[in-house]
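J.: This is a predicted model, with the sequence first.
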Amino acid sequence: MMRLFFKSLWNNRRRNILVFIELFMISFVMVNLIIYLANILAIYRIRTMYHSRDVVLVNISNKIPEPAATAEQAFLNLKKVFASNPFVESVSISKNAIPYNYNISTSEYTHGSDRFGMSMRYVDIEYGKVMKIVPVSGRWFNETDRGKSVRPVMITKDIDQKYFKGNGVGQRFTNGGEGINKEEYEIAGVVESFKRSDIEKPYPAVLILLDSIKPQSMWETSYLIRTGENKTSAMLAVAESQVYSTLNPENWTISSLNTLENMHSEQNNENYQRNYLSVIIALFVLINILLGTIGILWYNTNLRIHEIGIKRALGSTGRGIRRLLIAENLVIAGIGLLIVLVIVLQVPITGQKELEPGVMVQSIIISYVSMTLLVLLSTWIPSSIASKIRPAVALKTE
């Protein structure tokens, strides 16, 4: 039976080679589109360390230099003023640690022979409470961490898994500086990923405990204020007056006043607009793949009406003919898809430098299931129609 099956494939090799080439090209496009879409979905589902609801951002920048000690005390006083509002739960001062902000500063770090880059985000102890950060492992900063010779840090879990094999807590690494600029850090805890928007790939980050505020440094000083539920409007209403009544308005200015929810939505909208077109094109191509496969296999079946008539005349049943046509097309499509997957696994062509874990396996499974269903759909209907033709009618068709 198998010998006759493959002999039939060989006897129709010219037509089958053309069908194979067409299905191969369709499979090639389909697999890469599935990988692309699956990776976008995988990135979207990655959890972030932040809980941004009911948080207000007040960004303050320096206009005219002020004595360092005076400036630092004024900023500590402002933190107390913000915290004194009855609708405020907690207040944090940070540097370069605003969620959903594209302005990041990176540095290179070393652990053994490994070198890796991370976004530096300087935070205080209250930052974890304001952003409701729950470490994946280890602990958040506490008062015992102040003044340590080896600065405690939190790293994102992508760095922990890649360079510390999931056992980063308690281990140390250094920055890329030399001499007096070289500094050692100890991992106090590991946190969820840092994403600047829901559909952007996570960016490796390190949270470094602030030893002092230094408000006149190159970065803006950020206050993140967690309010009670739905109380952000109350905080926004008083924030400006409280800033300028506490800080010297001749030396300081508010550069940004917003809620993190608004910033989150703005970042997402910006990224969605960039991705909408590519996703729409991908879906459009997938629809054309469906229609193209149906058209190719339907046409191929119609070309075989004369052959089907001979088989019917020799005693083949309609069910047997349907099974034969479906089996032939599944074999041809399966071989084409297998070659495509070998190519894709050897030479990434999807545009991503790194796929999220599990995306390739999921894409292979989806591709095989999709191609099988597509071939079944594209062959079953025309083969059912063709197998019902009476032998006398079919034998008249050339």
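T.: Perfect, thanks for sending it.
J.: got the residue ranges for the strands in the stretch 151-300 of the chain?
T.: Listed in chain order, the strands of the stretch 151-300 of the chain (DSSP state E, counting those that start in this stretch) span 151-156, 172-175, 184-191, 205-209, 221-227, 252-259.
J.: Which other helices and strands does the fourth one contact?
T.: Using 3 or more Cβ pairs under 8 Å, 6 or more residues apart in numbering; DSSP states H and E as the contact test, the elements touching strand 205-209 are strand 114-123, strand 151-156, strand 184-191. All C-beta spots, glycine's among them, are computed from the backbone N, C-alpha and C.
J.: closest to A38 out of the ones you listed?
T.: strand 151-156 (22.5 Å; Cβ to Cβ).
J.: From the chain's centroid, how far away is that closest one?
T.: On the basis of Cα atoms, centre = their mean, to the nearest Å, strand 151-156 is displaced by 23 Å from the centre of the chain it belongs to.
J.: Just checking: what are the partner strands of it?
T.: Next to strand 151-156 in the sheet, as set by DSSP bridges, lie strand 184-191 (parallel), strand 205-209 (antiparallel).
J.: Out of those strands, flag the one nearest M154.
T.: Smallest distance to M154 across those (Cβ to Cβ): 4.0 Å, for strand 205-209.
J.: Would you mind finding the most buried of the strands paired with strand 151-156?
T.: strand 205-209 (a mean of 23; mean count of other Cβ atoms under 10 Å).
J.: Do me a favour and average the pLDDT over that one.
T.: The average of the pLDDT scores along strand 205-209 is 94.
J.: That strand versus strand 114-123: what angle between them?
T.: 50 degrees (axes from the mean of the first three to the mean of the last three Cα atoms, to 10 degrees).
J.: Scan this structure for its longest helix.
T.: Secondary structure of the chain per DSSP state H: the longest helix is helix 260-302.
J.: Just give the nearest non-adjacent residue to V58, would you?
T.: Y223 (4.2 Å; Cβ to Cβ, 6 or more residues apart in numbering).
J.: Sketch out the helices for the protein, chain order is fine.
T.: Counting by DSSP H, the chain has helices at residues 2-11, 13-44, 68-83, 127-130, 157-163, 232-246, 260-302, 305-313, 318-346, 359-387, 391-395.
J.: low-confidence ranges in the protein?
T.: 1-13, 177-181, 217-218, 273-275, 303-309, 311-316, 318, 347-353, 386-398 (pLDDT under 70).
J.: so who does the residue nearest the centre of it touch?
T.: For the chain, the residue nearest the mean C-alpha position is I43 (1.9 Å; Cα atoms, centre = their mean). Each residue near I43 by Cβ atoms under 8 Å, 6 or more residues apart in numbering is listed here: K195, I199, E200, K201, P202, E356.
J.: one more time with 7 Å
T.: Applying Cβ atoms under 7 Å, 6 or more residues apart in numbering to I43 gives the contacts I199, K201, E356.
J.: Kindly indicate which of those lies nearest F141.
T.: Nearest to F141 among the contacts of I43, with distances taken as Cβ to Cβ, is K201, at 26.9 Å.
J.: what number of residues lie near the closest one?
T.: When neighbours are defined as other Cβ atoms under 10 Å, K201 has 19 of them.
J.: For L209, see how far away K79 is.
T.: Using Cβ to Cβ, to the nearest Å, we find K79 at a distance of 16 Å from L209.
J.: hang on, I meant H51
T.: According to Cβ to Cβ, H51 and L209 sit 20 Å apart.
J.: likewise Y223?
T.: When Y223 is compared with L209 (using Cβ to Cβ), they lie 17 Å apart.
J.: Endpoints of stretch 145-153, how far apart?
T.: Stretch 145-153 has its terminal residues 10 Å apart, counting by Cα to Cα, to the nearest Å.
J.: let me fix that: stretch 39-56
T.: By Cα to Cα, the extent of stretch 39-56 from end to end equals 32 Å.
J.: again with stretch 99-111
T.: Terminal residues of stretch 99-111 lie 27 Å apart, using Cα to Cα.
J.: Buried ones in it, by neighbour count?
T.: Burial within stretch 99-111, assessed by neighbour count using 16 or more other Cβ atoms under 10 Å, is assigned to P99, Y100, N101, I104, Y109, H111.
J.: tell me the two of these that are most distant?
T.: Y100 and H111 (28.6 Å).
J.: and L337, how many neighbours does it have?
T.: L337 is flanked by 24 other residues according to other Cβ under 10 Å.
J.: likewise the one 3 residues further on?
T.: V340 has 22 neighbouring residues, counting by other Cβ under 10 Å.
J.: pretty sure it is touching V31, no?
T.: Yes. If you go by Cβ atoms under 7 Å, V340 and V31 touch, sitting 5.3 Å apart.
J.: ok, back up a step: next, format the buried residues of stretch 99-111 as a markdown table and append distance to I381.
T.: Formatted as a markdown table, the buried residues of stretch 99-111 follow (distance: Cβ to Cβ, whole Å):
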| residue | distance to I381 |
| --- | --- |
| P99 | 52 |
| Y100 | 49 |
| N101 | 54 |
| I104 | 54 |
| Y109 | 60 |
| H111 | 59 |
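J.: Go through those residues and say which is closest to S92.
T.: Nearest to S92, judged by Cβ to Cβ, of these is P99 at 11.7 Å.
J.: which residues does that closest one contact?
T.: Residues in contact with P99 (Cβ under 7 Å, 6+ apart) are Y50, S52, L260.
J.: May I ask which of the residues you listed has the most neighbours?
T.: Highest neighbour count within the contacts of P99, by other Cβ under 10 Å: L260, with 25 neighbours.
J.: Apart from its chain neighbours, what residue comes closest to that residue?
T.: The nearest residue in space to L260 (Cβ to Cβ, 6+ apart) is S52, at 3.7 Å.
J.: Would you mind measuring from that neighbour to I326?
T.: Distance from S52 to I326, by Cβ to Cβ: 52 Å.
J.: mind listing what's buried in stretch 71-80?
T.: Applying a neighbour-count criterion of 16+ other Cβ under 10 Å, one finds A71, E72, A74, F75, L78, K79 buried in stretch 71-80.
J.: Hmm, L247 and the third one touching each other?
T.: Yes. With contacts defined as Cβ under 7 Å, A74 counts as touching L247 at a distance of 5.3 Å.
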